[in-house]
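Trainee: can you look at this prediction? I've put the sequence above it.
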Amino acid sequence: MATGVAGVAGAGAAAAAGFGLFGYNRENFLYDSELRFERFNAGREFAIGQQEQFRADIKALSALTAKKNGIYAVVATLDMALCVALYCAGRLGLHGPAPPGWIMCLWLTNNAASFGFMAVAVMLATHAMLRSQAAATHLLTRKIRVPVPTLKQLNQARKFASEFEQQSWGDIFRVPYLSNNGAPKTDDKLGKSRARSASPAPRASRKASSWIREEFDTDHAGAVTATNVNNLPADVAPEHFRLYGQCQKEWVQYDVYARIAIFMGFMCYIQSLAYYGLGHINIELKAFWVAIATPLVIEVLHVLLLRFDIITARQRQRERLPHCQWCGPAAVVCAAIGMALDFRVKFDMTAIVVTWVFIFAAFILQLIYALRLLEIVLPDNVIGQYKAKEQIGDSWWPTDWNIPSTFAHVLYIVAPPTRLQPGQFDIVREVKEGAGPDPFADAGEPRGGGPSALPKDAGAQVQYLDSVFDWALSEQVFGSLSEESQQSVKEEFAAYSGAKRAGNESEAPKVFQSCIQNMESMIAFEGMEGGPPAAGYNSDSGGSGGMSSGSEDEEAQDYNWEGRQVTSKTEPKTASSTAKGMEPWRMVSSIQAVLCGAWVFLLMAMIVDVFCGDQAFVTGPHWSKPPMTRMSLPKHELGTPFGFPWYAGAKPFIPEQMSWHEEKREAMADVITGGRRLASIPTLVDHTSHLKSALHGLLDMIPSEAASAAAHALSVSWPGFFEPRLLACGPHGVAALTSRGVGAMLAPTPGHQQAQTFRLGGLGHLPPLLAASWQPSGASDDLLVVTHAGDLAACPGPRPPAGGIWACGSAAGAARLPVTDGSRLLAAAATWLRSHTGEPQLHVAFIDKAVPDLVALFALIGAGEGEAASWMPLGEVRVPDDHKASLAFMGDGELLITTAAGAVLRRRLRDGAIMADSTHSFGGSHSSLQWLGACGLHDAPEGSLAHLRLHRGEGSQVWRPEIMAAGLDALEAAGPLFQ
């Protein structure tokens, strides 16, 4: 009885426990099923978001190419219009005789080349623009699709509650804590232990629940309807970049050479414009010096563009004319000299010979320049690639791009990446092929191919490559490939054969994989969409970026009207379908090669012109009779263009005849009165009187040897970072100051001395300083300073010790000169002078930028008398010249005006008397010398001045101050100026 009761109780307890375990595990199943469906949707949402980003990448890359080449086409079209304008509206010879034939050869030939290059640039840019847009549209509509899940995938991701009944008994009645809790730690080991396409590994005991294992196994194997594994490296770039990289090869050369063609066209047009200027200015405008200056200015632009576009430091392997691109600007210089000699007034045979020397030099330099440009536009695989160490930020492109590296920094090409960078992940690929390990831990290794799978995979690769090479090396297919692709096939077949003979199980699969990728890239580049016959192996992704695309292209199938497949096109396309047009580098280099031939032809033509004359084979266009119907002429007129039946000189000459006899005919032919009309020097009217007076004035400004010998530069040790702009002279010495108030004090003695530095304080709120001055009488140490805006400040004495700070503030009675707000002063001076009453009165002189040729003089009245002080004008003084001027007060009320051109003018304020009107030799303003100002020395001989200037040595960028003064010996004999 007791045993039965215990059994019933035990059965009841077991049943209760079973019901409890059943309910507990069923709730877990339902909860996990809900999370699984949410996780599936979240993964697809992330994949769709990333695929939208990938589609935006394609749009951005194609938009860059389209916009860039659109600009190229517009610019090239405008340049073609300019070339036509030079041919038509700008043609020479309308208002007078035509220029010499040799200058027109240089001009019109370059103009024709520019027109040709720009026309090619328009064609190439249009092709690249439309081809990139078409490729982007094809990829976006056929390949890079959004991975929207199908209803079947959604149904398979969903779990019904009744499916719990299909689980194993161990999962239905799993006891918590005593068996696996159903939460695996990680899936890395599982991902690395087998290929993605392999079946899930046998499940060991004490694993997670079956529905959890099923979910993770599905993740590792790929999507519910995953595509086949392609064995690409784990860190390979996303599929859209790989597809775009294959398509980009179709137009990248057109894009690059459109830019190069524009460069070549501009180079020819700029040279054409320079030669046109030589002809137009000499013939139409009759301006000798302008004809030389204008082309040289244009050639500066030519040099800058050559320097900007061409990387001169990149010399490729087989270049023969390095740095010869500078012969182009040199040719224009020779042509300018030739035109100047050709149009000289006096006839001279020596000048004619020298003229022809410069003409031939121009043509030879033009030929060398054209050959150099032909050399640099050739692609690297033709002329030899420049090999340099890779550096971060340098230009880079795939090695199979057939473009020149000499234009690397102006090509503006964005190549798609080939590898994922750390921190980047391809969720779209993980959704398609299954979640794998960290792509950067297995960088470069085939994804999913473990060591145990290598031999079997290598066999499939060998079988596939055998069929690919048999197909590619067949006579029909190999003959239809481009030269570049034929060379690529040969190289890949050699690498494949070597790997097969070596039999290295670890290295051979990598070589096979590389051959497969390169061959498939070649097939895509040649446009052979059918490809080789199927061989049971495929390294491609097997589908597009979307989840619903098939593994074969629609164009490779034949369908009946019901949509059922009938046949498959596996045979290779014929040669006519894969034939390509002329490569862009051949188009650009062909025009340049023809241009080189044209220069050779014109060189030989110039040799003929030396013996026959410039226009010996043509007749003037304004005579009605063609050359073959003219009357016979005397021997000395054969070949002349005027075609009249009378002898030369029988009637008065018309301008056309005179032009031909003076400029066009053979230099040795003497038909007019036995010689050249300008062969002798005529008697000239003396028009040189003004020139002589001007020269005498210049000579008077040159200082004599005695004056130069008396001038010395003070030997001073200046402080560092010191470039003074202001100079002040007083009884206490000479002070040089910067525009921000850093000063140095020194004595005007010939011996070496150390400058005593000081700084002006309290001026930080004011604009930069323009002038500084002491009182000429030396009654106090007060220093007056004036800013560029007209502010006046005073620094009361005594002077600070060496290295000290001199406190400054607004000047007593007036904080500003009598100038309007916003005025800008060019020079100024201020000091206290005694008035007629004997009281000190503030006087100022300044030059306003609005009136740069006048010095304004003002005095401050009413200061210190309890009244509002006001400025009273005293008058104006004209600046001696239009160079930089300096103002200073010296002596007993004298105004000193000095200029950089060498003028020195001293006027007494009391009556305006001229105290001195002379010159100095310390001025100048050029690349190595800047004259800044002057002031009058105290206790020195009459008229002794100190000049401040900056100078720098040859090849140096450091400006150093220098104070020049005369009469230092007398100053030294008088003793020190201050203790």
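Mentor: Thanks, I have it. Numbers count the residues shown, from 1 in each chain.
Trainee: contacts and neighbour counts: CA atoms only from here.
Mentor: OK.
Trainee: packing partners for the longest helix anywhere in the chain?
Mentor: Assignment by DSSP state H gives helix 2-87 as the longest helix of the chain. Using 3 or more CA pairs under 8 Å, 6 or more residues apart in numbering; DSSP states H and E as the contact test, the elements touching helix 2-87 are helix 101-138, helix 151-157, helix 169-172, helix 210-221, helix 239-248, helix 252-280, helix 427-433.
Trainee: what bridges to Gly730?
Mentor: Gly733 (DSSP bridges).
Trainee: surely it is in contact with Asp782?
Mentor: No - judged on CA atoms under 8 Å, Gly730 makes no contact with Asp782 at a distance of 10.5 Å.
Trainee: between these two, which contacts overlap?
Mentor: Trp774, Gln775 (CA atoms under 8 Å, 6 or more residues apart in numbering).
Trainee: between the helices and strands packed on helix 2-87, which gets nearest to Ile861?
Mentor: Proximity to Ile861, assessed across the helices and strands packed on helix 2-87 by CA to CA, is greatest for helix 252-280 (62.4 Å).
Trainee: so the helix or strand that comes right after that closest one versus helix 252-280, what angle?
Mentor: Sequence-wise, the next helix or strand downstream of helix 252-280 (DSSP states H and E) is helix 288-309. Here the directions of helix 288-309 and helix 252-280 differ by 170 degrees (axes from the mean of the first three to the mean of the last three CA atoms, to 10 degrees).
Trainee: what is helix 288-309 packed up against?
Mentor: By 3+ CA pairs under 8 Å, 6+ apart, helix 288-309 packs against helix 252-280, helix 327-342.
Trainee: could I get the buried residue list for that helix?
Mentor: Phe288, Ala291, Ile292, Thr294, Pro295, Leu296, Ile298, Glu299, His302, Val303, Leu306, Asp309 (16 or more other CA atoms under 10 Å).
Trainee: I'd like the average pLDDT over that helix.
Mentor: Averaged across helix 288-309, the pLDDT comes to 90.
Trainee: repeat that for stretch 748-763.
Mentor: On average, stretch 748-763 scores 86.
Trainee: would Trp887 count as being in a helix?
Mentor: Just to correct that, residue 887 is Leu rather than Trp. No - Leu887: not assigned to a helix; according to DSSP: H, G, I helix; E, B strand; the rest coil it is strand.
Trainee: shouldn't it be in contact with Ala827?
Mentor: Yes - here Leu887 lies in contact with Ala827, judged by CA under 8 Å, at a distance of 6.2 Å.
Trainee: overlap in contacts of the two?
Mentor: Phe846.
Trainee: which stretches of the stretch 301-450 of the chain form helices?
Mentor: 327-342, 349-377, 380-383, 427-433 (DSSP state H, counting those that start in this stretch).
Trainee: these: which one's closest to Asp881?
Mentor: helix 327-342 (34.1 Å).
Trainee: packing partners of that closest one?
Mentor: helix 252-280, helix 288-309, helix 349-377.
Trainee: give me whichever of these is most buried.
Mentor: Of all these, helix 252-280 has the most neighbours on average by mean count of other CA atoms under 10 Å, namely a mean of 25.
Trainee: and the angle for that one with helix 349-377?
Mentor: Going by the same axes, to 10 degrees, helix 252-280 makes 170 degrees with helix 349-377.
Trainee: what mean pLDDT does helix 252-280 have?
Mentor: Averaging pLDDT along helix 252-280 yields 91.
Trainee: what sits against Pro329?
Mentor: Per CA under 8 Å, 6+ apart, neighbours of Pro329: Gln271, Glu299, His302, Val303.
Trainee: residue ranges for the helices of the stretch 851-979 of the chain, please.
Mentor: Going by DSSP H, counting those that start in this stretch, the stretch 851-979 of the chain shows helices at 968-973.
Trainee: which of the helices and strands packed on helix 327-342 sits closest to Asp57?
Mentor: Of all the helices and strands packed on helix 327-342, it is helix 252-280 that lies closest to Asp57, at 17.1 Å by CA to CA.
Trainee: where does the prediction get shaky in the stretch 101-250 of the chain?
Mentor: Within the stretch 101-250 of the chain, the ranges that satisfy pLDDT under 70 run 156, 161-162, 164-166, 168, 170, 172, 177-234.
Trainee: go ahead and confirm Ala965 touches Leu945.
Mentor: Yes - Ala965 is within contact range of Leu945, at 6.0 Å (criterion: CA under 8 Å).
Trainee: ok, back up a step: in TSV, list the helices and strands packed on helix 288-309 along with distance to Asp57.
Mentor: Shown next, in TSV, are these (distance: least, CA to CA, whole Å):
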stretch	distance to Asp57
helix 252-280	17
helix 327-342	42
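Trainee: between these, which gets nearest to Trp169?
Mentor: Among the helices and strands packed on helix 288-309, if distance is taken as CA to CA, the winner is helix 252-280, at 63.7 Å.
Trainee: which helices and strands sit right next to that closest one?
Mentor: helix 2-87, helix 101-138, helix 288-309, helix 327-342, helix 584-612.
Trainee: dump those helices into JSON lines; add distance to Ser810 as well.
Mentor: Output for these, formatted as JSON lines (distance: least, CA to CA, whole Å):
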{"stretch": "helix 2-87", "distance to Ser810": "60"}
{"stretch": "helix 101-138", "distance to Ser810": "66"}
{"stretch": "helix 288-309", "distance to Ser810": "51"}
{"stretch": "helix 327-342", "distance to Ser810": "59"}
{"stretch": "helix 584-612", "distance to Ser810": "72"}
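Trainee: among those helices, which comes closest to Val428?
Mentor: Val428 lies closest to helix 2-87 among the helices and strands packed on helix 252-280, at 5.0 Å (CA to CA).
Trainee: average pLDDT for the closest one?
Mentor: 82.
Trainee: give me the distance between Met604 and Ser927.
Mentor: Distance of Met604 to Ser927, given as CA to CA, to the nearest Å: 45 Å.
Trainee: which one's more surrounded, these two?
Mentor: Met604 (12 against 9; other CA atoms under 10 Å).
Trainee: how is this protein carved up into domains?
Mentor: For the chain, the structural domains run 2-67+154-235, 454-540+568-578, 705-973, going by automatic domain parsing.
Trainee: what's the closest of those to Asp426?
Mentor: domain 2-67+154-235 (8.0 Å).
Trainee: would you mind measuring the gap between the ends of that closest one?
Mentor: So domain 2-67+154-235: terminal residues 72 Å apart, CA to CA.
Trainee: which SSE is Val148 in?
Mentor: Assigned by DSSP H and E, Val148 belongs to no helix or strand.
Trainee: please begin residue numbering at 18 from this point
Mentor: Got it, the first residue is 18 from now on, which makes the last one we talked about Val165.
Trainee: please report phi then psi for it.
Mentor: Main-chain dihedrals, Val165, degrees, to the nearest 10: phi -80, psi 130.
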